[in-house]
Every structure is written in structure tokens, then in C-alpha cells.
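can't give you the sequence, but here's the structure:
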């Protein structure tokens, strides 16, 4: 069974792919000439590229969301306003909701902190993700 996984990977792998293209993990090893990095991407020996993943934040309602480390600064006003940006894979991100006097924060949704009503949402980005903040 393991040779099937390797065969499937080698069928889609090309040695001239740019860095941060081929993902890996316990069930999807890298081709023999590459190794799986801590960022879950296959790297050649000596490749010290830091791979990134895009975080998209959707703001539903008239609220504001910022991130630590910086990179996200979204102000909503309607339904589904948002912004996004790249973060190095493996980065711990804390999103903080801010609401005005006439608005209340309802909850987080999306790929991290779904359903939480806490003021902050903290997670580690490992792949492209979308997080939503809903305000009423």
C-alpha cells in the first residue's frame, strides 16, 4: 500500500517545481531526492526557503479584526468584507476582534476557532486558511 502512495506522488512530482509546491506529511512522504521540512513542504538539501500560507479574514458586520504578528487589519461594514495576507507556515497567529459602541461581537467561524465567542482567536497556520468574524 505504501508503494501506491509513493507512486501517486511521483506521478505528480516534477523536479523543476518551485519551492513550497509539494506538501508532505506522515501519510504523504517526499520523493527520494527531497526531505519533508517542518513547514510540511518538500525541500531539497540546502533549500532554506520559508514557505508561506495565505490567511483570509472575512468580517461580517461593522467590526474590526487585527492580527499579531501584524499582517491583518480588516474593517467590515457590510456582509463579507475582508482582507488577507501571507504568513510563514508554522506561525502562531492571534486575531483580535474589536467592535464599536453600536455593535456586538457574535462569534468566530471558518477554519479556526469556529463558534468561539472569545475576543481573540489563536491558531497555528499550516496551510491556506479562512477565518470569519461576525458582528451584530
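Thanks, I have the structure now. The model shown is predicted, which means the values in this text are computed figures rather than measured ones.

contacts, neighbours, all on C-alpha from now
Fine.

the protein: helices as residue ranges?
According to DSSP state H, the chain carries its helices in the segments 2-12.

point to the helix or strand of it where mean pLDDT is at its lowest.
Within the chain, no helix or strand scores below helix 2-12, which has a mean of 43 by mean pLDDT, DSSP states H and E.

per-residue pLDDT of residue 111, please?
Reading off the confidence values, residue 111 has pLDDT 93.

one more: residue 32?
Model confidence at residue 32 (pLDDT) stands at 85.

now swap in the one 10 residues further on and tell me
Here the pLDDT value assigned to residue 42 is 90.

and stretch 117-128, what's buried?
117, 120, 121, 125, 126, 127 (16 or more other CA atoms under 10 Å).

how long is it end to end?
23 Å (CA to CA, to the nearest Å).

quick one: mean pLDDT for it?
Mean predicted lDDT for stretch 117-128 stands at 94.

show residues contacting it.
39-40, 52-56, 87-98, 105-108, 112-113 (CA atoms under 8 Å, 6 or more residues apart in numbering).

could you chop this protein up by domain?
Here the domain assignment for the chain is 2-43, 52-135, based on automatic domain parsing.

quick revisit: please produce CSV containing the buried residues of stretch 117-128, extended by distance to residue 72.
As requested, the buried residues of stretch 117-128 are exported to CSV (distance: CA to CA, whole Å):
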residue, distance to residue 72
117, 19
120, 13
121, 13
125, 14
126, 17
127, 16
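
what about the residues you listed, which are in strands?
120, 121 (DSSP state E).

grab the nearest non-local neighbour of residue 129.
Computed as CA to CA, 6 or more residues apart in numbering, the closest residue to residue 129 that is not its neighbour in sequence is residue 55, at 5.0 Å.
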